[in-house]
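Engineer: I would like to see how this sequence folds:
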Amino acid sequence: MKFKQLIANIQTLAENSGEHSEGGGGLYAGQPNPGPSALTDKGTFNLALPRSIDAINALLYSFSNRDYIDPDGVMAVVKQKLNHFGLDFACKGGFQDGENSYELVQYGSTQLGVYGQNPYDDVNIKGFSQGDGIKEKLGHSLSLIVNVEKMPSSLRKVSMMIVPTATSSYNTSDMVGTDCGCEH
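Structural biologist: Modelled structure (predicted):
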């Protein structure tokens with residue numbers, strides 16, 4: 001098949017459409033029904049929308065309940081998929097057997113969180129704010145819960161879900177008497 005014939009056969013190329021798995025999130029070319037996808041035209045990155053976190057959890061479900069020889073191999077894929085929504089988490093040393101909990105940040109660093117100021121506030125009065133980029137949108141923070149269970153076959157079953165949490169170490173307003181790090 002020549003290149004021009006191939007281009008003629010491909011009707012459309014739609015990025016971020018469904019893969020052949022629950023949750024979707026891949027690339028499809030010319031299929032009439034793209035299938036389910038966590039990325040929507042409403043903007044799944046907007047966590048304040050009612051079904052955004054459900055869509056992200058549906059994506060995580062496609063990686064969950066599978067058996068892995070080394071669950072750390074899926075960690076990089078999960079971090080990359082969550083980055084599509086601006087979410088990130090610090091995971092040093094990989095997933096351990098049992099329940100693992102990781103604080104999430106949106107559009108921030110896993111070391112500092114989101115750091116800055118509201119352009120309408122006087123920095124001399126209110127100073128800089130630091131947070132996870134999530135609590136100010138939802139009223140609570142989010143964590144990624146990863147449960148790793150060793151099976152009789154010596155494989156490990158991994159299940160993942162994003163859940164709400166009351167506080168986060170990134171939110172300095174949650175901690176009384178914390179030092180902002182500047183000399184004042």
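Engineer: is E149 in a bridge, and if so with what?
Structural biologist: Beta bridges link E149 to K157, judged by DSSP bridges.
Engineer: Next, the contact list for it, please.
Structural biologist: Neighbouring residues of E149 by CB atoms under 8 Å, 6 or more residues apart in numbering: 97, 156-159. All C-beta spots, glycine's among them, are computed from the backbone N, C-alpha and C.
Engineer: Now do the strands in the protein.
Structural biologist: Ranges of strands in the chain, per DSSP state E, are 13-17, 26-29, 66-68, 87-89, 98-106, 114-116, 129-131, 141-150, 156-165.
Engineer: Need the winner for burial among these.
Structural biologist: Comparing those by mean neighbour count (mean count of other CB atoms under 10 Å), strand 87-89 comes out on top with a mean of 21.
Engineer: Direction included, what does that strand pair up with?
Structural biologist: When DSSP bridges is applied, strand 87-89 pairs with strand 98-106 (antiparallel).
Engineer: Do you have the helices of the protein handy? List them.
Structural biologist: Applying DSSP state H to the chain gives helices spanning 3-9, 52-63, 72-83, 123-126, 135-138.
Engineer: Looking at the ones you listed, which is nearest to L104?
Structural biologist: In terms of CB to CB, the element of those nearest to L104 is helix 72-83, at 7.7 Å.
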